[in-house]
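A.B. asks: Structure for the following, please:
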Amino acid sequence: MNEIVTKEDLRQFGLLLVDKIQALFKDKDSGRKETLEPEWIKSKSVRKLLDISAGSVQNLRTTQKIRFRKVLGSYYYNREDIQKLFSDEKD
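C.D. replies: I've put the predicted structure just below:
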């Protein structure tokens, strides 16, 4: 097995490798359901998004109109529930 690897062989291998890596990233990106929007958002962002007070956000939480999680003292709300809240009001 005295095969010689030339610069052209290495160049072709490099191009092939780059193509395969790009294809992997395209497959991964096309499989994403979300477009850089987090599933859970903080109270402050909810207040800005809905233009409501902290008390109104608390009211949504206590009446269980939107799902929430408490992590280390901060409340996070489900983005899907907030969007559903808007669509329910339109109907």
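
A.B. asks: can you tell me the average pLDDT over the host helix or strand of K20?
C.D. replies: Using DSSP states H and E, the element containing K20 is helix 7-30. For helix 7-30, mean pLDDT is 88.

A.B. asks: cool, stretch 38-55 as well?
C.D. replies: pLDDT averaged over stretch 38-55 gives 88.

A.B. asks: same question, stretch 67-83
C.D. replies: Here the average pLDDT along stretch 67-83 is 89.

A.B. asks: all helices for the chain, in order.
C.D. replies: 7-30, 43-50, 54-62, 79-90 (DSSP state H).

A.B. asks: quick one: the nearest residue to L60 once chain neighbours are set aside from A54, how far?
C.D. replies: In space, not counting the residues next to it along the chain, L60 is nearest to I66; the distance is 5.1 Å by Cβ to Cβ, 6 or more residues apart in numbering. Any C-beta I mention is one placed from the backbone N, CA and C, and that applies to glycine too. From I66 across to A54, the span is 14 Å (Cβ to Cβ, to the nearest Å).

A.B. asks: what about the two, which has more around it?
C.D. replies: Of the pair I66 and A54, I66 is the one with more neighbours under other Cβ atoms under 10 Å, namely 18 against 12.

A.B. asks: what sits against that one?
C.D. replies: For I66, the contact set (Cβ atoms under 8 Å, 6 or more residues apart in numbering) comprises L60, Y77, N78, D81, I82, L85.

A.B. asks: hang on, isn't the third one packed against F68?
C.D. replies: Just to be clear, that refers to N78. Yes - counting by Cβ atoms under 8 Å, N78 touches F68, with 7.2 Å between them.

A.B. asks: how deep is L60 tucked in, by neighbour count?
C.D. replies: The tally of other residues near L60 (other Cβ under 10 Å) stands at 19.
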